[in-house]
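>>> this one's structure only:
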């Protein structure tokens, strides 16, 4: 298998941008990604594109990939839209890796976008339900926050996880997001704020839920044969893993873990020949605070049932042993569904390039991204590492 | 690059099946595909899946891939939904090839499904518009048949293509479809029938338009390392090509050709090291009669402007020099959007396996599939060949 490398990544701001089109947001991300490539890149170098998009806000529901890539001058080359709900562009990133490893492409763009702010709150609730199972969840009135609330309730009951543990996820991620100029909710919140917010779906309150967001993100992935053209400091995509599962939570054997995440992590660690102990930081899928706690356990950052203790220990804060969601995560940076997975790759690129500003992790060598579709119908994990550091 | 092989393919009937679920249709196709593998295959052998679906009829709008794969016992393994409008499962097939060539998988399922019959005619018109451009086509009232009618008008005006040429596509494809037990409109039609049908979008009449369909199709694609486990008569996927373009017809330089198809064909022929003269049959994207005529020219079956003469010559009939759409094509076999590309692969598998019954091409060695998204925002072409024949 050919080695694959991340040579650039960039994103738009995340937020509510009623004055912008989905194409202009994508262009902003595309330009940020191309400009981030250390030795420069030309659009003509790009052989193929994969675009993640759920189509929540309507606009271009079919062929939304070519609709944005032709806008940035990439018309003509193969473009495939990938959709696995909130993991759309995490899977687009994985497809880019496969395209390069296949030998069919040397330079591939993986990106994603979403417009969510032009819908009413009720419409958003309805549309987000499409990420859950249709007949027995969405059409039965279960909102998406309701699905995660069920997971939180069972975890709390079984392992003693508390509302304060959930709130500490919000406090940490807002603290990080306040240091990220692209963050949608780039302000700090106190534990008291997070504890006293209005209930959304008990036990989850407003601070335990990510916002709805507009935004776009792009990553540039190349083969070992051309990586030297683009950078002198290569970031290798050392591990890639994916898993799937029943779309409906009610169909699964467990409510206190996400088997698709476990499978994705296992595959990615195996390919990269590393374990969670070898990571310097991670961007995990915190659509709801409980999702970040489940990720700690599913990705092996701690034992099952210990996530509450891990967040309380401070180990996943900036400066801790394994900082998680230094970008602010979905909670504070935002969650424009189709863009989220590629946006996680943007944070990894910034951290491993030493360009994460105030939220920089000290000399990181290896970072992980973890992107979940729905409540766990699909999940994808990538491990990235700075090659020079690893081989030195 | 590792060689990839088609070892099985199967489909459900295409038609209107209000009593069936999308999951049950997919199961029918999955079972037909696994049962078609000469030496047998076990579901546990499958490493990964790619599912094409546009989501026209609602049902599971997000994560529709895992929603069907878990239903056939493939929960757990990576599943990615691919959407490029009507080319969804053509691109899913291409992703399966990339996955195998990447070395990340040895046995991959590419499939697709669509439910369209549960919508009113008006809703279908609206939904199909999502395959066109949104702001300046769909929301301006241009139906999808209207887009292709514009292409037909310009081709007729420039090259002298006639309504009779369009009708001859229908007559040929219905003649073939009448020999296909899976066809939705499996009856013959006379030239007189085809000429006198009610107008849909002038110059296209009812017989120049494919039906809306429910259905599913699956193909099984494996690596050179394991192909011998599944068949003694391997069908190699010799060429794969894809192209993209502006989604809106109005954005393109030409109305009398589909540049994405031309690019896809060029790439596929180059990879396979063949040209159109080396083909024994082809399944092309005939969503409207004009689309088949454009395909003749885009795929190099004749010169630009000569497609009318080619259909009139009878060369593309069964028994002709290059039979096209022996399955009945989208026109007679049906067009369940997300299933169509994989369904074309089913016909290729049957023909190259000598199991096409009454519509069997005599001793074919090499066949092509051509699947278009929208009016040409994306296109994908595959070339399949019986390895024994080629190397013998």
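Looks like it arrived, so ask away. Here the structure is a predicted model, which means the values were calculated and not measured. Numbers count the residues shown, from 1 in each chain, chains lettered A, B, ... in the order given.
>>> use CA for all of it now, contacts and neighbours both
Fine.
>>> residue of chain A with the smallest distance to chain B?
residue A:102 (3.6 Å; CA to the nearest CA).
>>> surely that residue is in contact with residue B:101?
Yes - with contact defined as CA atoms under 8 Å, residue A:102 reaches residue B:101; the gap is 4.4 Å.
>>> which one's more surrounded, those two?
residue B:101 (26 against 23; other CA atoms under 10 Å in any protein chain shown).
>>> specify the local secondary structure of that one.
Going by DSSP: H, G, I helix; E, B strand; the rest coil, the secondary structure assigned to residue B:101 is helix.
>>> ok, it - contacts?
The contact partners of residue B:101, by CA atoms under 8 Å, 6 or more residues apart in numbering or on different chains, come to A:101-103, B:1-4, B:223.
>>> tally of neighbours for residue A:81?
Counted with other CA under 10 Å, residues neighbouring residue A:81 total 28.
>>> would you map the helices across the stretch 251-392 of chain A?
In the stretch 251-392 of chain A, the helices defined using DSSP state H, counting those that start in this stretch lie at A:259-272, A:289-298, A:307-313, A:329-332, A:340-352, A:387-391.
>>> okay if I get these as a markdown table plus mean pLDDT and distance to residue B:21?
Converted to a markdown table, the helices of the stretch 251-392 of chain A look like this (pLDDT from 0 to 100; distance: least, CA to CA, whole Å):
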| stretch | mean pLDDT | distance to residue B:21 |
| --- | --- | --- |
| helix A:259-272 | 98 | 25 |
| helix A:289-298 | 98 | 31 |
| helix A:307-313 | 98 | 40 |
| helix A:329-332 | 98 | 35 |
| helix A:340-352 | 98 | 31 |
| helix A:387-391 | 70 | 49 |
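>>> out of those, nearest to residue A:44?
When these are compared by CA to CA, helix A:340-352 sits nearest residue A:44, at 21.1 Å.
>>> A strand includes residue A:241, no?
Yes - according to three-state DSSP, residue A:241 belongs to a strand.
>>> on that earlier part again, list buried residues within the contacts of residue B:101.
Among the contacts of residue B:101, those classed as buried by 16 or more other CA atoms under 10 Å in any protein chain shown are A:101-103, B:2, B:4, B:223.
>>> below-threshold pLDDT in the stretch 1-150 of chain A: ranges please.
The model of the stretch 1-150 of chain A has pLDDT under 70 over residues A:56-58, A:125-127, A:129-130.
>>> the strands in it, which residues?
According to DSSP state E, counting those that start in this stretch, the stretch 1-150 of chain A carries its strands in the segments A:4-11, A:48-52, A:79-83, A:107-114.
>>> hmm, who's touching the second one?
Spelled out, it's strand A:48-52. Strand A:48-52 is touched from outside by A:64-65, A:69, A:77-83, A:88-93, A:95-96, A:105, A:107-113, A:338-339, with contacts defined as CA under 8 Å, 6+ apart.
>>> got the angle between it and strand B:79-83?
Taking axes from the mean of the first three to the mean of the last three CA atoms, to 10 degrees, one finds strand A:48-52 and strand B:79-83 inclined to each other by 100 degrees.
>>> cool, the first one as well?
With the same axes, to 10 degrees as the criterion, the two stretches strand A:4-11 and strand B:79-83 enclose an angle of 60 degrees.
>>> then the third one?
Between strand A:79-83 and strand B:79-83, the angle comes out at 130 degrees (the same axes, to 10 degrees).
>>> quick one on the thing from earlier: to residue B:365, which of the helices of the stretch 251-392 of chain A lies closest?
Closest approach to residue B:365 among the helices of the stretch 251-392 of chain A is made by helix A:259-272 (38.7 Å; CA to CA).
>>> wait, does the closest one contact chain B?
Yes - Helix A:259-272 comes into contact with chain B (CA under 8 Å from any CA of the partner chain), by way of A:259-260, A:263.
>>> list only buried entries from those.
The neighbour-count test (16+ other CA under 10 Å) marks A:259-260, A:263 as buried among the residues of helix A:259-272 next to chain B.
>>> burial of the closest residue to residue A:277 other than its chain neighbours, as a residue count?
Nearest residue to residue A:277, sequence neighbours excluded (CA to CA, 6 or more residues apart in numbering or on different chains): residue A:301, at 7.6 Å. Residue neighbour count, defined by other CA under 10 Å, stands at 19 for residue A:301.
>>> distance of residue A:301 relative to residue A:165?
According to CA to CA, to the nearest Å, residue A:301 and residue A:165 sit 16 Å apart.
>>> for stretch A:181-198, measure first residue to last.
End-to-end for stretch A:181-198, by CA to CA: 27 Å.
>>> try stretch A:204-224
Start-to-end, stretch A:204-224 (CA to CA) is 45 Å.
>>> now it: mean pLDDT?
Mean per-residue pLDDT for stretch A:204-224: 97.
>>> quick one: buried residues of it?
Buried residues in stretch A:204-224, defined by neighbour count with 16+ other CA under 10 Å: A:204-223.
>>> ok, now stretch A:360-377?
Residues of stretch A:360-377 classed as buried by neighbour count (16+ other CA under 10 Å): A:360-361, A:364-377.
>>> again, but for stretch A:192-205
For stretch A:192-205, the neighbour count (16+ other CA under 10 Å) marks A:194-195, A:201, A:203-205 as buried.
>>> what's the first-to-last distance across that stretch?
End-to-end for stretch A:192-205, by CA to CA: 13 Å.
>>> over to stretch A:222-239?
End-to-end distance for stretch A:222-239: 15 Å, by CA to CA.
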